[in-house]
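In: Let's see this in three dimensions:
(4 chains)
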2 protein chains.
Amino acid sequence: MTEQDKAVGLRARLVAAGVELLALEGIHALTLREIARQAGVSHGAPRRHFATHAELLAAIAGHGFGELATALGLDAPGPACTSASAARQRLDELARGYLAFAAEQPGMFELMFRHDVLEGSGAELRRTSLPLFEAVTGLVAAIRPPSDHGSSPGAGDGDGPPPTVVAAALWANLHGLAQLRAWGSLRLATGGDSVEPLLRATLDAHLGRDAG
Amino acid sequence: MTEQDKAVGLRARLVAAGVELLALEGIHALTLREIARQAGVSHGAPRRHFATHAELLAAIAGHGFGELATALGLDAPGPACTSASAARQRLDELARGYLAFAAEQPGMFELMFRHDVLEGSGAELRRTSLPLFEAVTGLVAAIRPPSDHGSSPGAGDGDGPPPTVVAAALWANLHGLAQLRAWGSLRLATGGDSVEPLLRATLDAHLGRDAG
DNA sequence: AGCGCGAGTAGACAATGTCTACTCGATCTT
DNA sequence: AAGATCGAGTAGACATTGTCTACTCGCGCT
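Out: Numbers count the residues shown, from 1 in each chain, chains lettered A, B, ... in the order given. The predicted structure is shown next:
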């Protein structure tokens, strides 16, 4: 609405208006016309920058992925976390940050993983979550290094699955926790709505119980 | 459309039309008027049975929960699964059934966990998933019985979290796997789109690696 | 027989996404 | 420097949607 807003271009202004609207009113308020209204332009203006409504929503979701990456500290490369305990602690931070983001910005979190609304633009957005997954994989590998002591792979109670698999399973677990909490199922299941014991059980299950 | 359809009442016919439409066209086709069209009535007819569009969608989702319970064999009480290995095998079945349902009926799975569209009716629907959770909890308890050998709680590498927490974490993990696979993220993360290794890693992580 | 009422119909209304015609101001050409 | 060009935003039309409000019809009841 201000002069500075006008300077940044309508595209960014529309995304900003959508983000604000999403946080304030929820996902149902993200109509094309309402976003245009909030940005102070006519309902036909967004079409110059986004071919369709879904593209605008995808841009808003993209902003959310950027915010998530920032909240998790994935913008800067950061220290390598060589020691296992440091990696474990970093994974604790990442997991808590992920759940906190989902809890504090439920509308944005929901939009980010609504593939029906993102449609074609979903593929590119999915790539945005790749750095997060790679970071988790690296940390998992730091905790459980690929032991090269020559045993045959997959024989009995060996080293367990490779870090990629552990990281994906852990990520899915975190995502499920966030989703079910947003849905209110955890309150029903465990009585309280605290995710803390569930988060601890999840991390312990996938990464081992040794460190905290 | 047939005479028998008319006999079962419009309410059930609308739900059936919605289920069929959801499986065939996806969630975007579930408009009130399209469902009414599919059921062969005017667009005002559903209002006699469902006060609002969301209520009709909630009824369709409820049908989905029933189908899921049937697919998982939760309608009949079934044998108690006293032995740990039998319980573990049953959990394998449940997990695979859950993922299979999400994969085979993606539209229904998505609708079932879209709390924004279920609105007020969500609370009742959430209760529908309670039997599933209780079954998982019981099986987890059968695998890891509450050891009463008197050690102080939470002291070091003891018995781990109670079955309720393990069951909830495992359920969240399965749900996250289903969700991320539906979203297409697993293909990006692990290369292949097979959930089998992820499922195995998940079960092993939460239930221990001893049995298969 | 007359009446009431449940159930479905038809139309109206506001709101939405998309499309098209148009306007206006800046930039570029000759 | 005057006129053409084009990007960017406006305004209106159109089909579709959810909801609301008469209205109609058929069945059972007193």
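
In: From here on, just use CA atoms for contacts and neighbour counts.
Out: Fine.

In: Starting from the lowest-mean-pLDDT helix or strand in chain A, tell me the next helix or strand along the chain.
Out: Averaged element by element with mean pLDDT, DSSP states H and E, chain A has its least confident helix or strand at helix A:3-7 (a mean of 57). For helix A:3-7, the following helix or strand on the C-terminal side (DSSP states H and E) is helix A:10-25.

In: buried stuff in that following helix?
Out: Within helix A:10-25, the residues that qualify as buried are A:10-19, A:21-23, counting by 16 or more other CA atoms under 10 Å in any protein chain shown.

In: Report whether it contacts chain B.
Out: No - applying CA under 8 Å from any CA of the partner chain, one finds helix A:10-25 out of contact with chain B, separated by at least 12.2 Å.

In: Would you mind checking which of the buried residues of helix A:10-25 is nearest to DNA strand D?
Out: DNA strand D lies nearest to A:L10 out of these, by CA to the nearest atom of the strand, at 4.7 Å.

In: and chain A, which residues reach DNA strand C?
Out: A:30-34, A:43-44, A:51-54 (CA under 7 Å from any atom of the strand).

In: Only the buried subset of those, as a PyMOL command please.
Out: A single PyMOL command selects the buried members of the residues of chain A next to DNA strand C (16+ other CA under 10 Å):
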select buried, chain A and resi 30+32+33+34+53+54
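
In: Show me which of the residues of chain A next to DNA strand C is closest to B:L94.
Out: Here the nearest of the residues of chain A next to DNA strand C to B:L94, counting by CA to CA, is A:A54; it sits at 35.9 Å.

In: Could you list every helix and strand in contact with the helix or strand hosting that closest one?
Out: Assigned by DSSP H and E, A:A54 belongs to helix A:53-71. Using 3 or more CA pairs under 8 Å, 6 or more residues apart in numbering or on different chains; DSSP states H and E as the contact test, the elements touching helix A:53-71 are helix A:10-25, helix A:84-104, helix A:106-112, helix A:115-118, helix A:122-128.

In: quick one: is the first one near DNA strand D?
Out: Read it as helix A:10-25. Yes - using CA under 7 Å from any atom of the strand, helix A:10-25 reaches DNA strand D at A:L10.

In: which residues are in contact with whichever helix or strand comes after that helix?
Out: Per DSSP H and E, the first helix or strand lying C-terminal to helix A:10-25 is helix A:32-39. The set of residues external to helix A:32-39 that reach it, using CA atoms under 8 Å, 6 or more residues apart in numbering or on different chains, is A:1, A:13-14, A:17-18, A:21, A:42-43, A:45-46, A:53.

In: Name the nearest of the residues you listed relative to DNA strand C.
Out: Of those, the one sitting nearest to DNA strand C (CA to the nearest atom of the strand) turns out to be A:H53, at 3.6 Å.
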